[in-house]
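Asker: Have a look at this prediction, sequence included:
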Amino acid sequence: MGIITLVLGAMLLCGTVSAADVTLPEHSADRLLIGTTTSLDATKLLDVLAEKFEAANNVDVQWVAVGTGQALEYGKNCDVDIVMVHDRVAEDKFIDEGFGVDRRVFGYNYFLLVGPENDPAKVFGLNGTEAFMAIEKAAGQDPSIVFVSRGDNSGTHSREKLLWKLGGYDYAEINTSPWYREAGAGMGQTLSMTNELQGYTLSDSASWGTYQSNLTLVPLVENDPAFLNVYAVMRVDDKVCPDVNTEMAKKWINFMISDEVQDLLSVYGVEKNGVPYFNPGRGNAAIMGVTNEETKDPVV
């Protein structure tokens, strides 16, 4: 079991990682390769899941933790057997282009807007869209106010761009504003950069729960319907990538929607944060805006 780190951590500090930057192991019948979003790795959830899956299936589980966009690129390049991501638009495109099959939804949490406790942009009490509008307006008047973006084509970055759009902004203009900074990194590095600048950023709640004890930032906007964050798993289609481990990929998908994993999700993180990092998909299809079949139908 292990994470495919190589020099990935160092590269993430410098910018986004392209598929050419990391050499992944070859596909094998006794190895399952996963491209995953960073929150599933940062919370150590994947360590727990991999240990359980390996014991039951006599297989070595390895993964590379990057933003959703990069994880899907690994799938398109036939580098991984499974992708675990959180951007429905990008997921649907991945499937429509013929790369992904057997998508299942296994859990959800929420995004939240965090920032300095003194809240110079006065976003507390606003909804997500209003908060983004308030940041843009305040930053134009106060040069000390900054917004830090992951800037890495991750699911979090995609949701951030959607929120700017909902506020009536052209993201191309936002992206060139002097108060807008791009970390080009995962959530941990982005939160650290935001903390240093005492700025604002959008985070998923699981990553926030993992890193918050080392930060002076505070949650300022939560519980907005636009902050719903749904996680899905799908396998890379062996019709496009014939070397992928289809047998283990199907077993992993069924494992993720099994009662064993769903029960684990309902309590994982509670000991540290009082609430779980992720809510189980089981029984919550309506909340997530998906069909019941997407949360429970086994892959055959």
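Answerer: Arrived safely, thanks for sending. Residues are numbered from 1 along each chain as shown.

Asker: Name the residue closest to the centre of the protein, please.
Answerer: Using C-alpha atoms, centre = their mean, the residue of the chain that lies closest to the mean C-alpha position is residue 37, 4.2 Å off.

Asker: Please verify my assumption that it contacts residue 90.
Answerer: No: the pair residue 37 / residue 90 is not scored as a contact, 10.9 Å apart, by C-beta atoms under 8 Å. Placement of C-beta: from N, CA and C, glycine included.

Asker: Are there residues contacting both of the two? Which ones?
Answerer: Common contact partners of residue 37 and residue 90 (C-beta atoms under 8 Å, 6 or more residues apart in numbering): 68, 155.

Asker: what's the pLDDT at the residue nearest to the centre of the chain?
Answerer: On the pLDDT scale, residue 37 is placed at 95.

Asker: Grab the longest strand from this structure for me.
Answerer: Using DSSP state E, we find that the single longest strand of the chain is strand 100-115.

Asker: The residue lying closest to residue 166 once chain neighbours are set aside: how many residues sit nearby?
Answerer: Closest residue to residue 166 apart from its sequence neighbours, by C-beta to C-beta, 6 or more residues apart in numbering: residue 129 at 4.5 Å. When neighbours are counted by other C-beta atoms under 10 Å, residue 129 registers 18.

Asker: Following element in sequence after the worst-scoring helix or strand of the chain on mean pLDDT, please.
Answerer: Scoring the helices and strands of the chain by mean pLDDT, DSSP states H and E places helix 8-14 at the bottom, with a mean of 31. Per DSSP states H and E, the first helix or strand lying C-terminal to helix 8-14 is strand 31-37.

Asker: can you pull the buried residues of that following strand?
Answerer: 32, 33, 34, 35, 36, 37 (16 or more other C-beta atoms under 10 Å).

Asker: so what's the residue of the chain positioned farthest from its centre up against?
Answerer: Farthest-out residue of the chain from its mean C-alpha position, per C-alpha atoms, centre = their mean: residue 141, at 32.5 Å. With contact set as C-beta under 8 Å, 6+ apart, residue 141 has no partners.

Asker: How far off centre is the helix or strand in which the residue nearest to residue 166 is found?
Answerer: Secondary-structure assignment from DSSP H and E places residue 129 in helix 128-141. Counting by C-alpha atoms, centre = their mean, to the nearest Å, helix 128-141 is centred 24 Å from the centre of its parent chain.

Asker: Over to stretch 218-233?
Answerer: So, by C-alpha atoms, centre = their mean, the centroid of stretch 218-233 is 11 Å from its chain's centroid.

Asker: and what of stretch 201-208?
Answerer: Centroid separation between stretch 201-208 and its chain, computed with C-alpha atoms, centre = their mean, is 9 Å.

Asker: Using CSV, write out the CA atom coordinates for stretch 168-186.
Answerer: Written as CSV, here are the backbone C-alpha positions of stretch 168-186 (Å, rounded to 0.1, in the frame of the first residue of the first chain):
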residue,chain,number,x,y,z
GLY,A,168,-22.0,38.1,-12.5
TYR,A,169,-18.2,38.2,-13.1
ASP,A,170,-16.0,37.2,-16.0
TYR,A,171,-13.5,34.9,-14.5
ALA,A,172,-10.8,36.0,-17.0
GLU,A,173,-11.1,39.5,-15.5
ILE,A,174,-11.1,38.2,-11.9
ASN,A,175,-8.1,36.1,-12.7
THR,A,176,-6.0,39.1,-13.7
SER,A,177,-7.0,41.3,-10.7
PRO,A,178,-4.2,42.4,-8.5
TRP,A,179,-5.9,41.1,-5.3
TYR,A,180,-6.4,37.6,-6.8
ARG,A,181,-3.6,35.1,-6.1
GLU,A,182,-3.2,31.6,-7.5
ALA,A,183,-1.5,29.0,-5.3
GLY,A,184,-1.4,26.4,-8.1
ALA,A,185,-1.4,23.8,-5.4
GLY,A,186,-3.4,21.4,-3.3
